[in-house]
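*Asks:* okay, sequence plus prediction incoming.
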Amino acid sequence: MLAYDIGVRISTRGDYACRALLSLRLHQKDEGPTSVRDIAARTALPQPYLEQILLALKGAGLVKSKRGVGGGYELARLASEIHLSEIISAVDGPISVGDFGEPHTDGSCDHDGQCVLLAVWHLASDYMREHLTKYTLEDIAAISNGEASWPIAKK
């Protein structure tokens, strides 16, 4: 069987959200909330875009913020309770390989087998969601700190 790269991608926004939360987790032992400026400096992310992302993450209940001197952002829950799938969904919406509609499953597909392809795309989306749910922010922090093995693809 040949292997193909189907090109499923995590958006830049989703990647940045994961990086920002990982930075918060890796530095959570520092004192208090972390400013957007500090997160941007540590992660090399553009601050204006990061501010928008953090607002979306706050709306999803993944971070909380404190205003004023000494203010900033911190995780709203334990890192072991935050899954990569939640982070991606918070900023990008439902995890899916595409928005193709629902397939007919009653044999009524009249578009040259298109419904079979739609079923395959839905299954790929399910696998992607399931895979991203396996990893918590704590798992990624442990790997980053050399305390756990790097993820590897199963052949």
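*Replies:* Thanks, I have it.
*Asks:* got a list of what the spatially most central residue of the chain touches?
*Replies:* Residue closest to the average C-alpha location in the chain (C-alpha atoms, centre = their mean): residue 88, at 2.8 Å. Contact analysis of residue 88 by C-beta atoms under 8 Å, 6 or more residues apart in numbering lists 10, 14, 17, 18, 95, 132. Glycine gets a C-beta too; all of them are placed from N, C-alpha and C.
*Asks:* recalculate using a threshold of 6 Å.
*Replies:* By C-beta atoms under 6 Å, 6 or more residues apart in numbering, residue 88 lies in contact with 14, 95.
*Asks:* buried ones in the helix or strand of the chain with the lowest mean pLDDT, by neighbour count?
*Replies:* The weakest-scoring helix or strand in the chain, judged by mean pLDDT, DSSP states H and E, is helix 114-133 (a mean of 84). For helix 114-133, burial by neighbour count (16 or more other C-beta atoms under 10 Å) applies to 115, 118, 121, 122, 125, 128, 129, 132.
*Asks:* name the residues that touch the next helix or strand after it?
*Replies:* Counting by DSSP states H and E, the next helix or strand C-terminal to helix 114-133 is helix 137-144. For helix 137-144, contacts defined as C-beta under 6 Å, 6+ apart pick out 21, 22, 25, 26, 79, 80, 82, 148.
*Asks:* isn't residue 83 up against residue 134?
*Replies:* No - the criterion here is C-beta atoms under 6 Å, and residue 83 misses it with residue 134 at 7.9 Å.
*Asks:* now this protein, which segments are flagged as low pLDDT?
*Replies:* For the chain, the stretches flagged by pLDDT under 70 are 1-8, 30, 98-113.
*Asks:* residue ranges for the helices of it, please.
*Replies:* Using DSSP state H, the helices assigned to the chain run over residues 12-26, 36-43, 47-59, 84-92, 114-133, 137-144.
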